[in-house]
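Q: Structure, please.
(chains A and B)
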Protein chains: 2
Amino acid sequence: MQHENRLFPVRVSLLRQNFSSFKIDNLIILDMNNIRYLTGFTGSEGVLLISKNKVILLVDGRYTAQAKIETINAKVIEYKDKIEGIGQVINDFGLKNIGFEAGLISVQMYNKLSEKFPKEIFRPLGDELKLLRVFKDESEISLMREAADISSSAINSLVSDIRSGCTEKELALQLEIKARRAGADQLAFEAIIASGENSALPHAKPSGRKIRKGDFIVIDFGVKYKGYCSDETCTFAFGKLTAEQKNAYQIVKDAHDRAIDTVRANIPASEIDRCVRRIFGERYEHYFSHGTGHGVGLEVHEAPRLAPNSPDVLEAQMVVTIEPGLYIPGRWGIRIEDMVLVKENSCEKLSKMDKELIIIE
Amino acid sequence: MQHENRLFPVRVSLLRQNFSSFKIDNLIILDMNNIRYLTGFTGSEGVLLISKNKVILLVDGRYTAQAKIETINAKVIEYKDKIEGIGQVINDFGLKNIGFEAGLISVQMYNKLSEKFPKEIFRPLGDELKLLRVFKDESEISLMREAADISSSAINSLVSDIRSGCTEKELALQLEIKARRAGADQLAFEAIIASGENSALPHAKPSGRKIRKGDFIVIDFGVKYKGYCSDETCTFAFGKLTAEQKNAYQIVKDAHDRAIDTVRANIPASEIDRCVRRIFGERYEHYFSHGTGHGVGLEVHEAPRLAPNSPDVLEAQMVVTIEPGLYIPGRWGIRIEDMVLVKENSCEKLSKMDKELIIIE
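A: Here you go, the predicted structure:
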């Protein structure tokens, strides 16, 4: 615990070192995952104010006791009204030149603050904060390994439960039970179990549809373990596939494998995406309707973004997904996804399921 | 289905009738629950544009097929980049005087749009849209009844599973399994099972703590059924309570019952909150660290707000929670919550568990 507690002051110090390049003296943080990352507070609402020598966590009455228990590096102050709470702290400490997360603060909140204070004291930050959580430290990687182990084991154990007539919903529930019994705190996102024609919808919700012969079953699953997410997708065949389906699976698998072989530090994220699209080629590329991957951490989708127009560059200590897929509308879909840790000259798979085609008879 | 499908065009028409009082000709909607309410689209990302004669749903490639299946009253357009997609529609149709949800659009997004278009064409809306989903129609109430039935039955059935040594986490999992087997699509929020000293934290997460004699067990639970939420809290006694605990339970129960007796159309929401605080009195009020309730619908927390400073007035067809609680830091806590439908001269409990003290031996 001692070790864990030291993390938060260190993270705040590292962030403060960027204040001059961000051209700010103070920072208002609203993103609850950023707040958790910097203080350990796990509540669902609050505001963090970081000045050059203070860390103040503003919470409402629901969270006062919890915030005091969870944080060691922040002074906890209770507010009745969020905007007034922020205003009070800005006044009390005479804060000026205050950065804020422009992608998160609403126009409404900004306008209300601007009624109380001159607009010039606020400075919107955009991409500056994108890197805050992008490099995972050892404590984070170890939690993500745990999360990945839990979800892989749950998927692996589900294989033997899949029978003709099972509904997607019941399988989703079984999967969650396995993961939670194995220590998952909650799911990282609602599990996708999409069979037959439903598998052609990349983000289908588990339905009452019954599994039947000839189905692809796409299982996209991740858990949260002590705040950190996993994300993995397997596509199983239930009974015999057509030659076209088998061929398509192999193409997605090739694209997935090649992309993973290509991942290393200093490569543009868009290059990994291009690598997938090159393998899909003209015949298939337009059936691949999303990006190749995304960062994972306290959020299941965070920076960087692996997509055609992404400006991001992969670096060591990032954790990203590689998830090519093909979706033939109204018929079937395939997605294969691993979560990987970027290293200097390669990457390490954190997801544990083997991605060779599994045919469930 | 025919009936359900007619709901969406009707809701859009009702909203359009307010355009002149909002002083807008067009409206950009980002809130995914608002988008679901107006079109039936259940995806996690998208933008809805409503003009005087068009309804356009912008989605990314993940959701194109799904959006076309789910919506009948919106033209679906796929975007690669959200801001550019919005910009394209504004350009193509020459839209001006466009309202947007000021509490939801980020300063970043607004600034990017303002680079492409004169700021004057955008008009921030705040409280104007608060009422959009506040009055529940019969189809919504019937889904919320289902949701409330599922969560009440799950809590009721959990009572016989509670034994000395059970962990909060395992009980939370049991509760979820029961609810999902009974038809819940997912939970409305992470279940709270808080025992002993944990019950003093209004928003505790289920932990590995084992239930033991003398505990209060606070169970705050809700499910989603076809998008609609339920929300109910029971506090059980495990074994014998002290006289102080019994007395406190009775006070919370009295406050809860009195508040419910007071709920009816045209009463200020703050009056319901005051009714609770009057019963708690000087001795207990400072142990009640949150508001008395909130609206429930597609979101588990939505308008109106039942709190000391709330400007809201209760009206027939609103669904709200009544949830007084007392939290003695480090020792124990109690919360009793029902979800009720406001009627002209009274309210109807949608939550089904009886709130007399249940002592589990």
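Q: all helices of the stretch 101-250 of chain A, in order?
A: For the stretch 101-250 of chain A, the helices defined by DSSP state H, counting those that start in this stretch cover A:107-116, A:138-158, A:168-181, A:243-262.
Q: again but with the stretch 251-361 of chain A, I slipped
A: A:269-284.
Q: Enumerate the residues of it near chain B.
A: Within the stretch 251-361 of chain A, the residues that sit near chain B (C-beta under 8 Å from any C-beta of the partner chain) are A:289, A:290, A:309, A:327, A:329. No exception for glycine: its C-beta is placed from N, CA and C like everyone else's.
Q: If we use 10 Å, what do you get?
A: A:286, A:288-291, A:301, A:307-309, A:325, A:327, A:329-330, A:333 (C-beta under 10 Å from any C-beta of the partner chain).
Q: can I get those residues in CSV with neighbour count, pLDDT and distance to residue B:162?
A: Shown next, in CSV, are those (neighbours: other C-beta atoms under 10 Å in any protein chain shown; pLDDT from 0 to 100; distance: C-beta to C-beta, whole Å):
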residue, neighbour count, pLDDT, distance to residue B:162
A:286, 10, 94, 55
A:288, 21, 96, 49
A:289, 19, 90, 47
A:290, 18, 92, 44
A:291, 23, 95, 46
A:301, 16, 96, 37
A:307, 17, 96, 48
A:308, 12, 95, 53
A:309, 10, 92, 54
A:325, 27, 98, 44
A:327, 24, 96, 45
A:329, 15, 91, 48
A:330, 10, 91, 48
A:333, 27, 98, 43
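Q: hmm, which two among those residues are most spread apart?
A: A:309 and A:330 (28.5 Å; C-beta to C-beta).
Q: related to what we said a few turns ago, looking at the residues of the stretch 251-361 of chain A next to chain B, spot the one nearest residue B:57.
A: residue A:289 (16.0 Å).
Q: what's that closest one sitting at in phi/psi?
A: With angles defined as degrees, to the nearest 10, residue A:289 sits at phi -100, psi 10.
Q: re earlier: from the residues of the stretch 251-361 of chain A next to chain B, which is closest to chain B?
A: Closest approach between these and chain B, by C-beta to the nearest C-beta: residue A:289, at 3.4 Å.
Q: Name the nearest residue to that closest one, sequence neighbours excluded.
A: residue B:61 (3.4 Å; C-beta to C-beta, 6 or more residues apart in numbering or on different chains).
Q: picking that back up, rebuild the helices of the stretch 101-250 of chain A as TSV, extending it with mean pLDDT and mean neighbour count.
A: Below are the helices of the stretch 101-250 of chain A laid out as TSV (pLDDT from 0 to 100; neighbours: other C-beta atoms under 10 Å in any protein chain shown):
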stretch	mean pLDDT	mean neighbour count
helix A:107-116	94	17
helix A:138-158	98	20
helix A:168-181	94	21
helix A:243-262	98	17
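Q: how about the ones you listed, which one is nearest residue B:180?
A: Closest among those, using C-beta to C-beta: helix A:168-181, at 4.9 Å.
Q: Restrict that closest one to CA atoms and write it as CSV.
A: C-alpha atoms of helix A:168-181 as CSV (Å, rounded to 0.1, in the frame of the first residue of the first chain):
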residue,chain,number,x,y,z
GLU,A,168,-26.7,-14.4,-26.8
LYS,A,169,-28.1,-12.8,-23.5
GLU,A,170,-27.6,-16.0,-21.5
LEU,A,171,-24.1,-16.4,-22.8
ALA,A,172,-23.3,-12.8,-21.9
LEU,A,173,-24.6,-13.4,-18.4
GLN,A,174,-22.5,-16.6,-18.1
LEU,A,175,-19.4,-14.8,-19.3
GLU,A,176,-19.9,-12.0,-16.7
ILE,A,177,-20.5,-14.4,-13.9
LYS,A,178,-17.3,-16.2,-14.7
ALA,A,179,-15.3,-12.9,-14.8
ARG,A,180,-16.8,-11.6,-11.6
ARG,A,181,-16.2,-14.8,-9.7
